[in-house]
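Novice: sequence isn't available, so here's the structure alone:
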């Protein structure tokens, strides 16, 4: 008996008489949904798909490189031969039904074939025998609500389609965001290297390679030289040797910050002559060596501290606002009193430091004295036991007299 036939609700009347040309070589039963391989062998669609998922070859001739997408339906002659095979309905036991008409038999004649409700398209789960269908349809809530449910399902399909589109867009946006974040981080790193000093370079690509830091690839800042004679930005090489304790260039080991020394005088003038642009006021072609002077004396957009910042005034604004602030700065108005307080505070802190040292010395001396006292007390106790209490008392008195003097 055919497993495929049972699954479809029938078995064959006389399977042994079926023409061997319409039997599947894999399951040995009449073909179901027959397909043909490029090598012209015919199989049930499900059988050959299951086979090539494991083997990627033809079951009959073992021709390789076969996949589901190269299979094509069998010709009409094969279909007609299969449709004429006689079957028996497993539900109602009716015999000699043409296999090609079996679906029609189930739908229109078989009273024992389970049938779905007419509202199954609206997800009504009801399934019963054919003779019960009409009675159910008269009370089916899904069918009664068809207009509303169809509207909901239509809207749901629209929303799901829109959702699918949005998911794809969301995925693309996330990919784009990742790329943008990566580019941003790279750019931020470059900008940070430049911006932390308040300028960027007019033409960094033209800077002499001998005054570029091998670590950050930018013109040297506070250049220092290692014992192995390689030059770096001070912060770059310090950060490196804190992790590696070796030269970044030659990997010479045993290097620490204390072995670094300032670059020679020839390097500094070269660095000072590099042209930069002020990021605050956008003025260009400033010598890097004169940039600090530019900020202090010319850049109107450079944040400036109050003149009373030495008195802890927290005010920081643009240069053109300094005079107006100084006219009303409470810290500057109270400068004489605050300077006096800070001076006295320094004196007190210095005195406190001295007293802490003295206190420490006194505690050490007291510990020594307590130890000597305990030893002497032990001696007194021993002497009292032997009748020498008076002599020992004199000793104790003598000792304490010496300490107080």
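Specialist: In hand now; what should we look at? All of these numbers come straight from a predicted model, not from anything done at the bench.

Novice: those helices in the stretch 51-200 of the chain, which residues are they?
Specialist: For the stretch 51-200 of the chain, applying DSSP state H, counting those that start in this stretch gives helices covering 76-83, 102-108, 133-139, 141-144, 146-195.

Novice: could you dump those to CSV with mean neighbour count?
Specialist: Where C-beta positions appear, they are placed from N, C-alpha and C, glycine not excepted. Shown next, in CSV, are the helices of the stretch 51-200 of the chain (neighbours: other CB atoms under 10 Å):
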stretch, mean neighbour count
helix 76-83, 14
helix 102-108, 15
helix 133-139, 12
helix 141-144, 14
helix 146-195, 11
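
Novice: separation between residue 48 and residue 308?
Specialist: Distance, residue 48 to residue 308, using CB to CB, to the nearest Å: 91 Å.

Novice: who has more neighbours, these two?
Specialist: Neighbour tally, residue 48 and residue 308, criterion other CB atoms under 10 Å: the higher count belongs to residue 48, 25 against 20.

Novice: for the more buried one, give me its contacts.
Specialist: 26, 35, 37, 59, 71 (CB atoms under 8 Å, 6 or more residues apart in numbering).

Novice: check contacts around the fourth one.
Specialist: For residue 59, the contacting residues are 25, 26, 41, 43, 47, 48, 51, by CB under 8 Å, 6+ apart.

Novice: repeat the analysis, applying 6 Å as the threshold.
Specialist: Going by CB atoms under 6 Å, 6 or more residues apart in numbering, residue 59 touches 25, 26, 51.

Novice: try the third one
Specialist: Applying CB under 6 Å, 6+ apart, we find residue 37 in contact with 58, 66.

Novice: do the first one as well
Specialist: Counting by CB under 6 Å, 6+ apart, residue 26 makes contact with 43, 47, 59.

Novice: next step: those residues restricted to strands.
Specialist: Mapping the contacts of residue 26 onto strands (DSSP state E) picks out residue 43.

Novice: turn the contacts of residue 26 into TSV, including pLDDT and distance to residue 176.
Specialist: What follows is the contacts of residue 26, written out as TSV (pLDDT from 0 to 100; distance: CB to CB, whole Å):
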residue	pLDDT	distance to residue 176
43	96	46
47	95	46
59	94	47
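
Novice: what's the closest of the contacts of residue 26 to residue 122?
Specialist: The closest of those to residue 122 turns out to be residue 47 (CB to CB; 35.4 Å).

Novice: correct me, but that closest one touches residue 28?
Specialist: No: counting by CB atoms under 6 Å, residue 47 does not reach residue 28; the two are 9.9 Å apart.

Novice: what about these two, which has more around it?
Specialist: Set side by side, residue 47 and residue 28 show more neighbours around residue 47, with 22 against 11, by other CB under 10 Å.

Novice: which one is that one nearest to, not counting chain neighbours?
Specialist: residue 26 (4.0 Å; CB to CB, 6 or more residues apart in numbering).

Novice: any idea how far residue 34 is from the one you found?
Specialist: 12 Å.
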